[in-house]
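Visitor: no sequence for this one, just the structure:
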(Lines give C-alpha, C1' and ligand atoms only; values in the text may rest on other atoms or scores of the structure.)
Protein backbone atom coordinates (compact mmCIF):
# COMPACT_ATOMS: atom_id res chain seq x y z
CA UNK A 1 0.00 0.00 0.00
CA UNK A 2 2.93 2.35 0.59
CA UNK A 3 3.85 2.44 -3.09
CA UNK A 4 0.20 2.84 -4.10
CA UNK A 5 -0.34 5.83 -1.81
CA UNK A 6 2.93 7.42 -2.87
CA UNK A 7 2.19 6.97 -6.57
CA UNK A 8 -1.18 8.65 -6.06
CA UNK A 9 0.57 11.58 -4.36
CA UNK A 10 2.97 11.85 -7.29
CA UNK A 11 -0.10 12.04 -9.56
CA UNK A 12 -1.79 14.67 -7.31
CA UNK A 13 -4.59 12.30 -6.28
CA UNK A 14 -6.06 12.73 -2.78
CA UNK A 15 -2.76 14.18 -1.61
CA UNK A 16 -3.80 15.19 1.92
CA UNK A 17 -5.57 11.89 2.56
CA UNK A 18 -2.70 9.81 1.18
CA UNK A 19 -0.22 11.64 3.38
CA UNK A 20 -2.31 10.60 6.39
CA UNK A 21 -2.52 7.02 5.11
CA UNK A 22 1.25 6.87 4.76
CA UNK A 23 1.61 8.07 8.36
CA UNK A 24 -0.62 5.21 9.47
CA UNK A 25 1.48 2.74 7.48
CA UNK A 26 4.61 4.01 9.26
CA UNK A 27 3.24 2.70 12.56
CA UNK A 28 3.80 -0.86 11.34
CA UNK A 29 7.15 -2.54 12.00
CA UNK A 30 9.67 -2.22 9.19
CA UNK A 31 7.64 0.25 7.13
CA UNK A 32 9.89 3.23 7.77
CA UNK A 33 12.74 1.66 5.82
CA UNK A 34 10.31 0.57 3.07
CA UNK A 35 8.87 4.07 2.74
CA UNK A 36 12.30 5.70 2.61
CA UNK A 37 13.16 3.28 -0.21
CA UNK A 38 9.92 3.99 -2.11
CA UNK A 39 10.32 7.80 -2.08
CA UNK A 40 14.07 7.68 -2.72
CA UNK A 41 14.97 10.15 -5.46
CA UNK A 42 11.66 11.99 -5.09
CA UNK A 43 12.20 13.61 -1.70
CA UNK A 44 11.81 17.04 -3.32
CA UNK A 45 8.20 16.16 -4.17
CA UNK A 46 7.47 15.65 -0.47
CA UNK A 47 9.25 18.90 0.42
CA UNK A 48 7.26 20.74 -2.29
CA UNK A 49 4.05 19.80 -0.48
CA UNK A 50 5.09 22.16 2.31
CA UNK A 51 4.12 24.90 -0.16
CA UNK A 52 0.71 23.43 -0.98
CA UNK A 53 -2.27 25.78 -1.01
CA UNK A 54 -4.16 23.63 1.49
CA UNK A 55 -2.88 24.16 5.08
CA UNK A 56 -3.82 20.63 6.16
CA UNK A 57 -1.74 19.21 3.30
CA UNK A 58 1.24 21.30 4.44
CA UNK A 59 0.69 20.09 7.99
CA UNK A 60 0.47 16.41 7.00
CA UNK A 61 3.54 16.67 4.77
CA UNK A 62 5.58 18.13 7.65
CA UNK A 63 4.40 15.43 10.07
CA UNK A 64 5.26 12.67 7.56
CA UNK A 65 8.74 14.13 7.07
CA UNK A 66 9.15 14.13 10.84
CA UNK A 67 8.00 10.52 11.05
CA UNK A 68 10.60 9.53 8.48
CA UNK A 69 13.24 11.31 10.57
CA UNK A 70 15.70 12.07 7.78
CA UNK A 71 17.88 14.98 8.89
CA UNK A 72 17.83 16.50 5.39
CA UNK A 73 14.12 17.27 5.94
CA UNK A 74 14.84 19.59 8.88
CA UNK A 75 15.62 22.75 6.92
CA UNK A 76 12.59 22.64 4.61
CA UNK A 77 10.32 21.91 7.60
CA UNK A 78 11.85 24.77 9.59
CA UNK A 79 11.56 27.17 6.66
CA UNK A 80 7.91 26.20 6.23
CA UNK A 81 7.31 26.77 9.95
CA UNK A 82 8.73 30.28 9.76
CA UNK A 83 6.46 31.34 6.92
CA UNK A 84 3.30 29.47 7.97
CA UNK A 85 0.41 31.89 8.44
CA UNK A 86 -2.21 29.45 9.72
CA UNK A 87 -2.00 29.32 13.51
CA UNK A 88 -3.53 25.83 13.79
CA UNK A 89 -0.81 24.34 11.58
CA UNK A 90 2.28 25.86 13.20
CA UNK A 91 2.57 23.41 16.10
CA UNK A 92 2.64 20.46 13.67
CA UNK A 93 5.93 21.64 12.15
CA UNK A 94 7.44 21.70 15.64
CA UNK A 95 6.08 18.22 16.38
CA UNK A 96 7.83 17.02 13.22
CA UNK A 97 11.07 18.74 14.20
CA UNK A 98 11.29 16.73 17.43
CA UNK A 99 12.58 13.86 15.27
CA UNK A 100 15.54 15.87 13.98
CA UNK A 101 18.70 17.23 15.56
CA UNK A 102 17.71 20.86 16.05
CA UNK A 103 20.65 22.21 18.02
CA UNK A 104 21.64 24.61 15.21
CA UNK A 105 18.15 26.15 15.37
CA UNK A 106 17.94 26.34 19.14
CA UNK A 107 18.49 30.07 19.55
CA UNK A 108 15.93 30.89 16.86
CA UNK A 109 13.39 28.62 18.54
CA UNK A 110 14.05 30.29 21.90
CA UNK A 111 13.62 33.72 20.32
CA UNK A 112 10.29 32.65 18.84
CA UNK A 113 9.14 31.39 22.23
CA UNK A 114 10.07 34.72 23.83
CA UNK A 115 7.98 36.56 21.25
CA UNK A 116 4.97 34.33 21.88
CA UNK A 117 5.37 34.65 25.65
CA UNK A 118 5.06 38.44 25.38
CA UNK A 119 2.15 38.31 22.93
CA UNK A 120 -1.45 38.73 24.02
CA UNK A 121 -3.50 36.72 21.52
CA UNK A 122 -7.08 37.26 20.50
CA UNK A 123 -9.42 34.75 22.11
CA UNK A 124 -9.91 32.73 18.90
CA UNK A 125 -6.13 32.28 18.52
CA UNK A 126 -5.27 31.57 22.16
CA UNK A 127 -5.63 27.78 21.90
CA UNK A 128 -3.36 27.50 18.86
CA UNK A 129 -0.79 29.87 20.32
CA UNK A 130 -0.65 27.77 23.51
CA UNK A 131 -0.16 24.64 21.40
CA UNK A 132 2.71 26.30 19.55
CA UNK A 133 4.32 27.41 22.82
CA UNK A 134 3.94 23.93 24.28
CA UNK A 135 5.59 22.34 21.24
CA UNK A 136 8.38 24.92 21.27
CA UNK A 137 9.05 24.18 24.92
CA UNK A 138 9.08 20.44 24.29
CA UNK A 139 11.46 20.85 21.35
CA UNK A 140 13.80 23.16 23.25
CA UNK A 141 13.87 20.95 26.35
CA UNK A 142 14.38 17.85 24.20
CA UNK A 143 17.31 19.48 22.40
CA UNK A 144 18.90 21.36 25.28
CA UNK A 145 18.02 18.98 28.12
CA UNK A 146 16.98 19.90 31.64
CA UNK A 147 19.32 21.40 34.21
CA UNK A 148 18.14 19.40 37.21
CA UNK A 149 17.92 21.09 40.58
CA UNK A 150 19.21 19.49 43.76
CA UNK A 151 16.96 19.31 46.82
CA UNK A 152 18.69 20.99 49.78
CA UNK A 153 15.82 21.87 52.07
CA UNK A 154 16.19 19.12 54.65
CA UNK A 155 16.14 21.52 57.57
CA UNK A 156 13.35 23.81 56.42
CA UNK A 157 9.85 23.71 57.94
CA UNK A 158 6.95 22.44 55.81
CA UNK A 159 3.24 21.77 55.76
CA UNK A 160 3.00 18.23 54.43
CA UNK A 161 0.48 15.52 53.67
CA UNK A 162 1.37 11.87 54.04
CA UNK A 163 -0.95 9.65 52.04
CA UNK A 164 -1.38 6.36 53.89
CA UNK A 165 -3.45 3.22 54.07
CA UNK A 166 -6.81 4.72 55.05
CA UNK A 167 -7.33 2.15 57.81
CA UNK A 168 -4.01 2.80 59.51
CA UNK A 169 -3.17 6.50 59.28
CA UNK A 170 -2.71 6.34 63.05
CA UNK A 171 0.29 4.03 62.57
CA UNK A 172 2.02 6.59 60.35
CA UNK A 173 1.05 9.46 62.65
CA UNK A 174 2.59 7.69 65.67
CA UNK A 175 5.78 6.84 63.77
CA UNK A 176 6.13 10.43 62.54
CA UNK A 177 5.74 11.83 66.06
CA UNK A 178 8.45 9.46 67.30
CA UNK A 179 10.85 10.42 64.50
CA UNK A 180 10.04 14.15 64.47
CA UNK A 181 9.00 15.24 67.97
CA UNK A 182 8.45 18.79 66.75
CA UNK A 183 5.72 17.74 64.34
CA UNK A 184 2.14 18.95 64.76
CA UNK A 185 -0.07 16.22 63.30
CA UNK A 186 -3.67 15.39 62.59
CA UNK A 187 -5.43 12.56 60.75
CA UNK A 188 -7.72 13.25 57.80
CA UNK A 189 -9.46 11.03 55.24
CA UNK A 190 -6.49 10.16 53.05
CA UNK A 191 -3.75 10.08 55.67
CA UNK A 192 -1.86 12.46 57.92
CA UNK A 193 -1.39 16.20 57.64
CA UNK A 194 1.54 17.64 59.58
CA UNK A 195 3.57 20.75 60.15
CA UNK A 196 7.18 19.61 60.47
CA UNK A 197 10.41 21.37 61.36
CA UNK A 198 12.56 19.33 58.97
CA UNK A 199 12.49 16.38 56.57
CA UNK A 200 15.25 14.30 58.15
CA UNK A 201 12.70 11.62 59.02
CA UNK A 202 11.44 10.77 55.53
CA UNK A 203 13.84 7.89 54.93
CA UNK A 204 12.95 6.18 58.21
CA UNK A 205 9.16 6.53 58.07
CA UNK A 206 8.26 3.45 56.09
CA UNK A 207 4.45 3.25 56.20
CA UNK A 208 3.40 6.29 54.18
CA UNK A 209 2.59 5.86 50.52
CA UNK A 210 3.34 9.33 49.20
CA UNK A 211 4.62 12.68 50.48
CA UNK A 212 2.93 15.86 49.23
CA UNK A 213 3.40 19.53 50.13
CA UNK A 214 0.78 22.14 50.94
CA UNK A 215 1.87 25.55 49.61
CA UNK A 216 0.82 28.80 51.24
CA UNK A 217 -1.70 30.60 49.05
CA UNK A 218 -2.29 27.50 46.92
CA UNK A 219 -4.61 25.32 49.00
CA UNK A 220 -7.51 25.40 46.52
CA UNK A 221 -8.72 27.15 43.39
CA UNK A 222 -11.71 27.50 41.12
CA UNK A 223 -12.25 24.94 38.34
CA UNK A 224 -11.05 27.43 35.76
CA UNK A 225 -7.67 26.96 34.07
CA UNK A 226 -6.85 30.67 33.85
CA UNK A 227 -7.88 31.37 37.46
CA UNK A 228 -6.05 28.25 38.71
CA UNK A 229 -2.86 29.40 36.94
CA UNK A 230 -3.18 32.82 38.56
CA UNK A 231 -3.59 31.21 41.98
CA UNK A 232 -0.54 28.99 41.52
CA UNK A 233 1.78 31.71 40.22
CA UNK A 234 0.64 34.23 42.86
CA UNK A 235 1.19 31.71 45.69
CA UNK A 236 4.38 30.91 47.58
CA UNK A 237 5.12 28.11 45.09
CA UNK A 238 8.22 29.63 43.47
CA UNK A 239 9.57 30.77 46.85
CA UNK A 240 9.03 27.24 48.15
CA UNK A 241 11.03 25.79 45.24
CA UNK A 242 13.84 28.33 45.55
CA UNK A 243 14.06 27.88 49.32
CA UNK A 244 14.40 24.11 49.10
CA UNK A 245 16.69 23.74 46.07
CA UNK A 246 20.08 24.79 44.83
CA UNK A 247 20.26 26.27 41.36
CA UNK A 248 18.30 28.91 39.53
CA UNK A 249 14.96 29.05 37.74
CA UNK A 250 13.35 27.72 35.63
CA UNK A 251 11.79 24.64 37.24
CA UNK A 252 10.22 21.93 35.10
CA UNK A 253 6.78 20.74 36.06
CA UNK A 254 3.95 18.47 35.05
CA UNK A 255 0.25 18.60 36.00
CA UNK A 256 -1.69 15.64 37.38
CA UNK A 257 -5.45 16.24 37.39
CA UNK A 258 -7.50 13.87 39.56
CA UNK A 259 -11.12 14.12 38.46
CA UNK A 260 -14.01 11.98 37.23
CA UNK A 261 -14.50 14.28 34.25
CA UNK A 262 -14.12 12.84 30.70
CA UNK A 263 -10.53 12.33 29.56
CA UNK A 264 -10.72 14.85 26.71
CA UNK A 265 -12.09 17.51 29.08
CA UNK A 266 -9.31 16.85 31.60
CA UNK A 267 -6.68 16.93 28.88
CA UNK A 268 -7.91 20.28 27.53
CA UNK A 269 -7.95 21.73 31.06
CA UNK A 270 -4.39 20.57 31.79
CA UNK A 271 -3.05 21.93 28.50
CA UNK A 272 -4.58 25.34 29.06
CA UNK A 273 -3.49 25.44 32.70
CA UNK A 274 0.11 24.46 31.87
CA UNK A 275 0.39 27.08 29.16
CA UNK A 276 -0.99 29.79 31.41
CA UNK A 277 1.39 28.88 34.23
CA UNK A 278 4.35 29.17 31.88
CA UNK A 279 3.13 32.51 30.56
CA UNK A 280 2.22 34.08 33.92
CA UNK A 281 5.44 32.91 35.59
CA UNK A 282 7.57 34.42 32.84
CA UNK A 283 8.69 30.84 32.08
CA UNK A 284 10.19 30.42 35.51
CA UNK A 285 7.94 27.35 35.52
CA UNK A 286 8.16 25.24 32.37
CA UNK A 287 5.81 22.41 31.51
CA UNK A 288 7.34 19.20 30.13
CA UNK A 289 6.20 15.61 29.74
CA UNK A 290 9.62 14.20 30.65
CA UNK A 291 12.44 15.07 33.04
CA UNK A 292 10.03 17.06 35.20
CA UNK A 293 11.13 17.98 38.71
CA UNK A 294 7.82 18.83 40.32
CA UNK A 295 4.21 17.74 39.97
CA UNK A 296 1.27 20.05 40.49
CA UNK A 297 -1.54 17.79 41.64
CA UNK A 298 -5.07 19.07 41.24
CA UNK A 299 -7.81 17.07 42.94
CA UNK A 300 -11.41 17.96 42.17
CA UNK A 301 -13.37 18.19 45.42
CA UNK A 302 -17.08 17.71 46.18
CA UNK A 303 -17.75 21.41 45.67
CA UNK A 304 -16.42 21.26 42.11
CA UNK A 305 -13.27 23.22 42.93
CA UNK A 306 -9.68 21.95 43.02
CA UNK A 307 -7.44 21.15 45.94
CA UNK A 308 -3.82 21.91 45.02
CA UNK A 309 -0.80 19.95 46.24
CA UNK A 310 2.82 19.57 45.17
CA UNK A 311 5.00 16.50 44.77
CA UNK A 312 8.78 16.88 44.45
CA UNK A 313 10.67 14.44 42.24
CA UNK A 314 13.90 16.12 43.35
CA UNK A 315 13.20 14.66 46.80
CA UNK A 316 13.99 11.03 46.06
CA UNK A 317 11.97 8.38 47.88
CA UNK A 318 14.73 5.84 48.40
CA UNK A 319 13.16 4.01 51.34
CA UNK A 320 12.82 0.88 49.25
CA UNK A 321 15.73 1.38 46.89
CA UNK A 322 17.10 -2.01 47.93
CA UNK A 323 14.29 -3.65 45.97
CA UNK A 324 16.03 -3.79 42.65
CA UNK A 325 14.34 -6.98 41.52
CA UNK A 326 10.67 -8.05 41.54
CA UNK A 327 8.39 -10.79 40.24
CA UNK A 328 4.64 -10.46 39.43
CA UNK A 329 3.59 -11.86 42.83
CA UNK A 330 5.78 -9.45 44.81
CA UNK A 331 4.16 -7.57 47.67
CA UNK A 332 4.33 -3.78 47.49
CA UNK A 333 7.15 -2.76 49.85
CA UNK A 334 4.99 -0.19 51.66
CA UNK A 335 2.50 -2.98 52.41
CA UNK A 336 5.32 -5.16 53.73
CA UNK A 337 6.42 -2.25 55.93
CA UNK A 338 2.86 -1.76 57.16
CA UNK A 339 2.53 -5.49 57.89
CA UNK A 340 5.66 -5.33 60.01
CA UNK A 341 4.47 -2.19 61.82
CA UNK A 342 1.11 -3.79 62.66
CA UNK A 343 2.77 -6.95 63.97
CA UNK A 344 5.75 -5.30 65.65
CA UNK A 345 4.49 -5.84 69.20
CA UNK A 346 4.62 -9.61 68.59
CA UNK A 347 8.19 -9.66 67.28
CA UNK A 348 11.25 -10.55 69.31
CA UNK A 349 14.72 -9.13 68.88
CA UNK A 350 17.24 -11.69 67.58
CA UNK A 351 14.41 -14.11 66.71
CA UNK A 352 14.98 -17.01 64.34
CA UNK A 353 12.70 -16.10 61.40
CA UNK A 354 11.41 -18.12 58.46
CA UNK A 355 9.59 -16.95 55.31
CA UNK A 356 8.32 -20.08 53.53
CA UNK A 357 7.13 -18.18 50.42
CA UNK A 358 9.74 -15.45 50.36
CA UNK A 359 9.50 -14.19 46.78
CA UNK A 360 12.15 -11.48 46.32
CA UNK A 361 12.76 -11.12 50.07
CA UNK A 362 10.79 -7.93 50.80
CA UNK A 363 9.00 -9.21 53.88
CA UNK A 364 12.17 -10.48 55.57
CA UNK A 365 14.07 -7.29 54.77
CA UNK A 366 11.33 -5.06 56.19
CA UNK A 367 11.00 -7.29 59.25
CA UNK A 368 14.69 -6.90 60.02
CA UNK A 369 14.52 -3.12 59.54
CA UNK A 370 11.77 -2.92 62.20
CA UNK A 371 13.21 -5.36 64.75
CA UNK A 372 16.67 -6.84 64.30
CA UNK A 373 16.34 -10.57 63.72
CA UNK A 374 18.80 -13.35 64.41
CA UNK A 375 19.27 -15.80 61.55
CA UNK A 376 16.61 -15.46 58.82
CA UNK A 377 15.72 -18.00 56.16
CA UNK A 378 13.69 -17.48 53.00
CA UNK A 379 12.35 -20.32 50.85
CA UNK A 380 10.77 -20.17 47.42
CA UNK A 381 9.99 -22.77 44.80
CA UNK A 382 10.94 -20.30 42.04
CA UNK A 383 14.68 -20.14 41.39
CA UNK A 384 14.23 -16.72 39.76
CA UNK A 385 12.65 -15.35 42.95
CA UNK A 386 15.46 -16.66 45.15
CA UNK A 387 18.13 -15.20 42.86
CA UNK A 388 16.39 -11.83 42.99
CA UNK A 389 15.93 -12.02 46.75
CA UNK A 390 19.69 -12.44 47.15
CA UNK A 391 20.31 -9.31 45.07
CA UNK A 392 17.78 -7.30 47.09
CA UNK A 393 19.13 -8.44 50.45
CA UNK A 394 22.67 -7.58 49.44
CA UNK A 395 21.46 -4.09 48.41
CA UNK A 396 19.77 -3.77 51.82
CA UNK A 397 23.06 -4.80 53.52
CA UNK A 398 21.34 -7.71 55.24
CA UNK A 399 22.43 -11.32 55.67
CA UNK A 400 19.49 -13.60 54.87
CA UNK A 401 19.80 -17.24 53.88
CA UNK A 402 17.77 -18.08 50.77
CA UNK A 403 17.02 -21.58 49.55
CA UNK A 404 15.35 -22.56 46.29
CA UNK A 405 13.05 -25.24 47.70
CA UNK A 406 9.42 -26.16 48.16
CA UNK A 407 8.48 -25.33 51.75
CA UNK A 408 6.75 -28.69 52.09
CA UNK A 409 10.06 -30.48 51.40
CA UNK A 410 12.16 -28.27 53.65
CA UNK A 411 14.14 -29.66 56.58
CA UNK A 412 16.12 -27.71 59.16
CA UNK A 413 18.24 -28.55 62.18
CA UNK A 414 16.67 -26.03 64.56
CA UNK A 415 13.23 -24.50 65.14
CA UNK A 416 12.04 -20.96 64.44
CA UNK A 417 10.56 -18.27 66.68
CA UNK A 418 8.55 -16.71 63.91
CA UNK A 419 7.12 -17.22 60.46
CA UNK A 420 6.41 -14.09 58.41
CA UNK A 421 5.21 -14.37 54.83
CA UNK A 422 3.05 -13.13 51.99
CA UNK A 423 0.80 -16.16 51.49
CA UNK A 424 0.33 -17.41 47.90
CA UNK A 425 -2.88 -16.29 46.20
CA UNK A 426 -4.96 -17.05 43.11
CA UNK A 427 -3.04 -15.95 40.04
CA UNK A 428 -2.68 -17.23 36.49
CA UNK A 429 -3.67 -20.89 36.31
CA UNK A 430 -3.90 -21.27 40.07
CA UNK A 431 -7.49 -21.82 41.22
CA UNK A 432 -9.22 -21.02 44.50
CA UNK A 433 -9.34 -24.76 45.22
CA UNK A 434 -5.55 -24.91 44.76
CA UNK A 435 -5.11 -22.07 47.27
CA UNK A 436 -7.46 -23.67 49.81
CA UNK A 437 -5.51 -26.93 49.54
CA UNK A 438 -2.20 -25.06 49.98
CA UNK A 439 -3.48 -23.30 53.12
CA UNK A 440 -4.55 -26.64 54.58
CA UNK A 441 -1.17 -28.18 53.83
CA UNK A 442 0.62 -25.12 55.22
CA UNK A 443 -1.17 -25.16 58.57
CA UNK A 444 -0.75 -28.92 58.95
CA UNK A 445 2.99 -28.66 58.22
CA UNK A 446 4.22 -25.41 59.73
CA UNK A 447 4.08 -26.42 63.40
CA UNK A 448 6.95 -28.87 62.98
CA UNK A 449 9.27 -25.92 62.25
CA UNK A 450 8.22 -23.79 65.23
CA UNK A 451 9.31 -23.39 68.82
CA UNK A 452 6.73 -23.34 71.56
CA UNK A 453 4.93 -19.96 71.69
CA UNK A 454 6.09 -19.11 68.16
CA UNK A 455 4.28 -16.48 66.09
CA UNK A 456 2.86 -16.54 62.56
CA UNK A 457 2.55 -13.22 60.73
CA UNK A 458 0.61 -13.75 57.52
CA UNK A 459 -0.19 -11.23 54.79
CA UNK A 460 -3.09 -12.88 53.02
CA UNK A 461 -5.67 -12.50 50.26
CA UNK A 462 -7.66 -15.31 51.89
CA UNK A 463 -8.53 -14.40 55.44
CA UNK A 464 -11.37 -16.94 55.55
CA UNK A 465 -8.91 -19.76 54.82
CA UNK A 466 -6.86 -18.65 57.84
CA UNK A 467 -9.93 -18.59 60.05
CA UNK A 468 -10.96 -22.00 58.78
CA UNK A 469 -7.56 -23.70 59.16
CA UNK A 470 -6.06 -22.03 62.23
CA UNK A 471 -8.16 -23.48 65.05
CA UNK A 472 -8.22 -27.03 63.78
CA UNK A 473 -4.40 -26.99 63.59
CA UNK A 474 -3.66 -25.57 67.03
CA UNK A 475 -3.42 -21.83 66.28
CA UNK A 476 -5.44 -18.82 67.37
CA UNK A 477 -5.77 -15.45 65.64
CA UNK A 478 -4.40 -12.81 68.02
CA UNK A 479 -4.71 -9.83 65.67
CA UNK A 480 -6.42 -9.23 62.35
CA UNK A 481 -6.12 -6.07 60.25
CA UNK A 482 -7.80 -5.27 56.94
CA UNK A 483 -5.23 -3.79 54.57
CA UNK A 484 -7.40 -3.37 51.46
CA UNK A 485 -11.09 -4.11 51.17
CA UNK A 486 -10.86 -3.85 47.38
CA UNK A 487 -8.03 -6.39 47.15
CA UNK A 488 -9.29 -8.48 50.06
CA UNK A 489 -5.94 -8.36 51.85
CA UNK A 490 -5.38 -8.78 55.59
CA UNK A 491 -2.58 -9.08 58.07
CA UNK A 492 -3.20 -11.87 60.55
CA UNK A 493 -1.02 -12.56 63.59
CA UNK A 494 -1.40 -16.06 65.04
CA UNK A 495 -0.03 -17.87 68.09
CA UNK A 496 -0.27 -21.40 69.42
CA UNK A 497 -3.39 -22.36 71.37
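Guide: Yes, it's here. Note that the structure is a prediction, hence the values are computed from the model and not measured. Numbers count the residues shown, from 1 in each chain.
Visitor: which residue is nearest the middle of the chain?
Guide: residue 313 (10.2 Å; Cα atoms, centre = their mean).
Visitor: Give me the phi and psi for the closest residue to that one other than its chain neighbours.
Guide: Once flanking residues are discounted, residue 313 sits nearest to residue 293: 5.5 Å by Cβ to Cβ, 6 or more residues apart in numbering. C-betas here are computed from N, CA, C, even on glycine. Here is the backbone geometry of residue 293 (degrees, to the nearest 10): phi -110, psi -20.
Visitor: swap in residue 484?
Guide: phi -150, psi 120.
Visitor: Can you give me the neighbour number for it?
Guide: Using other Cβ atoms under 10 Å, residue 484 has 13 other residues around it.
Visitor: can you check residue 446 too?
Guide: Neighbours of residue 446 (other Cβ under 10 Å): 21.
Visitor: where does the stretch 51-200 of the chain have low pLDDT?
Guide: Counting by pLDDT under 70, the stretch 51-200 of the chain shows low-confidence ranges at 121.
Visitor: now with 80?
Guide: 119-125, 144-147 (pLDDT under 80).
Visitor: At which residues are the helices of it located?
Guide: Counting by DSSP state H, counting those that start in this stretch, the stretch 51-200 of the chain has helices at residues 55-68, 74-83, 87-97, 106-118, 123-144, 169-179.
Visitor: Using CSV, please lay out those helices together with distance to residue 303 and mean neighbour count.
Guide: Shown next, in CSV, are the helices of the stretch 51-200 of the chain (distance: least, Cβ to Cβ, whole Å; neighbours: other Cβ atoms under 10 Å):
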stretch, distance to residue 303, mean neighbour count
helix 55-68, 41, 22
helix 74-83, 44, 18
helix 87-97, 35, 22
helix 106-118, 33, 14
helix 123-144, 27, 18
helix 169-179, 23, 18
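Visitor: Please tabulate those helices in CSV, including the columns distance to residue 451.
Guide: As requested, these are exported to CSV (distance: least, Cβ to Cβ, whole Å):
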stretch, distance to residue 451
helix 55-68, 67
helix 74-83, 73
helix 87-97, 67
helix 106-118, 69
helix 123-144, 60
helix 169-179, 28
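Visitor: now for those, which one comes closest to residue 253?
Guide: Of all those, helix 123-144 sits nearest to residue 253, with 11.2 Å by Cβ to Cβ.
Visitor: in the stretch 201-350 of the chain, what spans have low per-residue confidence?
Guide: For the stretch 201-350 of the chain, the stretches with pLDDT under 80 are 290.
Visitor: mind listing what's buried in whichever strand or helix holds residue 4?
Guide: For residue 4, the element it lies in under DSSP states H and E is helix 2-10. By neighbour count on 16 or more other Cβ atoms under 10 Å, the buried set for helix 2-10 is 2, 5-6, 9.
Visitor: that older thread, would you quantify the distance from the residue nearest to the centre of the chain to residue 201?
Guide: Using Cβ to Cβ, to the nearest Å, we find residue 313 at a distance of 19 Å from residue 201.
Visitor: Over to residue 93?
Guide: 50 Å.
Visitor: looking at it, residue 323 is touching residue 360, isn't it?
Guide: Yes: the pair residue 323 and residue 360 qualifies as a contact (Cβ atoms under 8 Å) at a distance of 7.0 Å.
Visitor: So which of the helices of the stretch 51-200 of the chain is nearest residue 355?
Guide: Closest approach to residue 355 among the helices of the stretch 51-200 of the chain (Cβ to Cβ): helix 169-179, 21.9 Å.
Visitor: what does the closest one rub up against?
Guide: Residues from elsewhere that reach helix 169-179 (Cβ atoms under 8 Å, 6 or more residues apart in numbering): 162, 164-165, 183, 185, 187-188, 191-192, 194, 196, 201, 204-208, 338, 341-342.
Visitor: rerun that using 7 Å as the cut-off
Guide: Applying Cβ atoms under 7 Å, 6 or more residues apart in numbering, the contact partners of helix 169-179 are 162, 164, 183, 185, 187, 191-192, 194, 201, 204-205, 207-208, 338, 341-342.
Visitor: residues contacting the residue lying closest to residue 96 once chain neighbours are set aside?
Guide: If you skip the residues right next to it in sequence, residue 96 has residue 66 as its closest partner in space, 2.7 Å away by Cβ to Cβ, 6+ apart. By Cβ under 7 Å, 6+ apart, the contact list for residue 66 reads 77, 95-99.
Visitor: Which ones among the contacts of helix 169-179 lie within strands?
Guide: Counted as lying in strands by DSSP state E, out of those, are 162, 185, 187, 191-192, 194.
Visitor: Tell me which stretches of the stretch 351-497 of the chain form helices.
Guide: Per DSSP H, counting those that start in this stretch, the stretch 351-497 of the chain carries helices over the ranges 362-370, 383-395, 432-445, 463-470.
Visitor: okay, those, which one's buried deepest?
Guide: Comparing these by mean neighbour count (mean count of other Cβ atoms under 10 Å), helix 362-370 ranks first with a mean of 24.
Visitor: Show me the domain layout of this structure.
Guide: Split into domains by automatic domain parsing, the chain comes to 2-143, 146-319, 333-496.
Visitor: Now those in JSON lines, please, with extra columns for distance to residue 327.
Guide: Listed next are the domains of the chain as JSON lines, based on distance: least, Cβ to Cβ, whole Å:
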{"stretch": "domain 2-143", "distance to residue 327": "29"}
{"stretch": "domain 146-319", "distance to residue 327": "20"}
{"stretch": "domain 333-496", "distance to residue 327": "5"}
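Visitor: returning to what we had before: contacting residues for the residue nearest to the centre of the chain?
Guide: Applying Cβ under 7 Å, 6+ apart, the residues near residue 313 are 292-295.
Visitor: same check, this time on residue 142
Guide: Contacts for residue 142 (Cβ under 7 Å, 6+ apart) come out as residue 98.
Visitor: again, 10 Å this time
Guide: Counting by Cβ atoms under 10 Å, 6 or more residues apart in numbering, residue 142 touches 97-99, 102, 288-291.
Visitor: Scan those residues and report the most crowded one.
Guide: That'd be residue 97 among the contacts of residue 142, by other Cβ under 10 Å, with 26 neighbours.
Visitor: Distance-wise, check the residue nearest to residue 148 when sequence neighbours are not counted relative to residue 157.
Guide: Spatial nearest neighbour of residue 148, excluding adjacent residues (Cβ to Cβ, 6+ apart): residue 293 at 6.5 Å. From residue 293 across to residue 157, the span is 21 Å (Cβ to Cβ).
Visitor: how close does residue 330 sit to residue 320?
Guide: Residue 330 sits 11 Å away from residue 320, taking Cβ to Cβ as the criterion.
Visitor: and for the two, which residues touch both?
Guide: Common contacts of residue 330 and residue 320 (Cβ under 10 Å, 6+ apart): 336, 362, 392.
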